[in-house]
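A.B. asks: A structural model of the following input is requested.
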Amino acid sequence: QVQLVESGGGLVQTGGSLRLSCAASGRTFSTYTMGWFRQAPGTEREFVAGISQRGGITDYRYYADSVKGRFTISRDNAKNTVYLQMNSLKPEDTAVYYCAATRDRLRTHWSEYTYWGQGTQVTVSS
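C.D. replies: Numbering: from 1, shown residues only. You can find the predicted model right below:
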């Protein structure tokens, strides 16, 4: 089992940057595919970015079109942590951001992930 705790959210102006972190418990972190999702009020939870198991330069990463070129997902298996670097933030990026883990391959639907953090709020002001 994996427990996930997100941090790093906050209030930022349009064009600003934030880095989210997700710390995982357990000794098998490197075997999990990790994803970041977000949910704005009244909307379905949507995929933001994902990274395959085991880290390293050959990681497979995948991004939603809406964040491609602005967000970067990375992981540090030695620290049991996955990151989401968010640059050039827009008001439409405002949401609660969640990290999630699955033993499966990288997937983009929230139902494919088994473990979830509690979420961290990101608010981008115009």
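A.B. asks: element containing the residue nearest in space to the middle of the chain, please.
C.D. replies: Taking Cα atoms, centre = their mean, the centroid of the chain lies closest to Trp36, which sits 2.4 Å from it. For Trp36, the element it lies in under DSSP states H and E is strand 33-39.
A.B. asks: what secondary structure does the closest residue to Asp93 other than its chain neighbours sit in?
C.D. replies: Counting by Cβ to Cβ, 6 or more residues apart in numbering, Val124 is the residue found nearest to Asp93 once chain neighbours are left out, at 5.2 Å. Every residue, glycine included, has its C-beta placed from N, CA and C. Of the three states, Val124 takes strand according to DSSP: H, G, I helix; E, B strand; the rest coil.
A.B. asks: can you pull the contacts of Val124?
C.D. replies: Val124 makes contact with Leu11, Val12, Gln13, Thr14, Gly16, Leu89, Lys90, Pro91, Glu92, Asp93, Thr94, according to Cβ atoms under 8 Å, 6 or more residues apart in numbering.
A.B. asks: tally of neighbours for the first one?
C.D. replies: Meaning Leu11. 12 (other Cβ atoms under 10 Å).
A.B. asks: I'd assumed Ser125 was in contact with it.
C.D. replies: Yes - counting by Cβ atoms under 8 Å, a contact exists between Leu11 and Ser125, whose distance comes to 6.5 Å.
A.B. asks: what's the spacing between the residue nearest to the centre of the chain and Ser126?
C.D. replies: With distances defined as Cβ to Cβ, to the nearest Å, the gap from Trp36 to Ser126 amounts to 23 Å.
A.B. asks: next: Lys79.
C.D. replies: From Lys79 over to Ser126 the distance is 35 Å, taken as Cβ to Cβ.
A.B. asks: again, but for Ala78
C.D. replies: Here the criterion is Cβ to Cβ. By it, Ala78 lies 39 Å from Ser126.
A.B. asks: what about Glu92, which SS state?
C.D. replies: Reducing the assignment to helix, strand or coil with three-state DSSP, the entry for Glu92 is helix.
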